[in-house]
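Q: let's see this in three dimensions:
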Amino acid sequence: MAAPIIVTASGNGNISSGNVFPTSHANYTNDIAFYLENVTISFASAASNPGDILVTLDSDEGPGYDVVLAKLDPSATPSIQDFIYIPESPLLCVAGDQIVVTYTQQSSNNIAFAMRIVGRSA
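A: Predicted coordinates for the structure are as follows:
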């Protein structure tokens with residue numbers, strides 16, 4: 001089995017579309033096929049304002065083939081501080097595909113986060 005590819009990000013406030021897998025990893029580009037294994041996000045505190053966490057497959061075939069894999073508004077359940085998306089089986093993505101994670105917090109009270117995306121080359 002191939003070694004894991006791990007992309008991490010942390011900060012305060014929004015998670016931007018610049019957090020992509022596998023191209024945010026220093027040793028990989030999006031010209032490899034890969035399996036997505038999981039996405040985890042841990043927040044320093046619970047969200048109180050609406051905003052969706054989105055995990056999206058950005059298809060190499062173009063925007064018409066993009067798919068939202070997971071969507072959650074953490075403010076809908078105020079006690080949620082951790083988010084995890086695990087496909088039922090590792091999700092095979094072709095060369096050129098990317099996994100994009102975004103979250104827009106709808107307030108000036110930015111919450112600190114730590115994010116990790118794990119996959120393996122196919």
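Q: hmm, Pro22 is touching Val7, no?
A: Yes. Proximity of Pro22 to Val7 meets the contact threshold set by C-beta atoms under 8 Å, at 6.8 Å. Bear in mind the C-beta positions are built from the backbone N, C-alpha and C, glycine included.
Q: those two: which is more packed in?
A: Pro22 (24 against 21; other C-beta atoms under 10 Å).
Q: next up, the contacts around that one.
A: Each residue near Pro22 by C-beta atoms under 8 Å, 6 or more residues apart in numbering is listed here: Ile5, Val7, Tyr28, Thr29, Asn30, Ile32, Phe34, Gln98, Ile99, Gly119.
Q: list the contacts for the nearest residue to it once chain neighbours are set aside?
A: Nearest non-adjacent residue to Pro22, counting by C-beta to C-beta, 6 or more residues apart in numbering: Tyr28, 4.2 Å away. When contacts are counted by C-beta under 8 Å, 6+ apart, Tyr28 touches Ile5, Pro22, Ser121.
Q: thanks a lot, catch you later.
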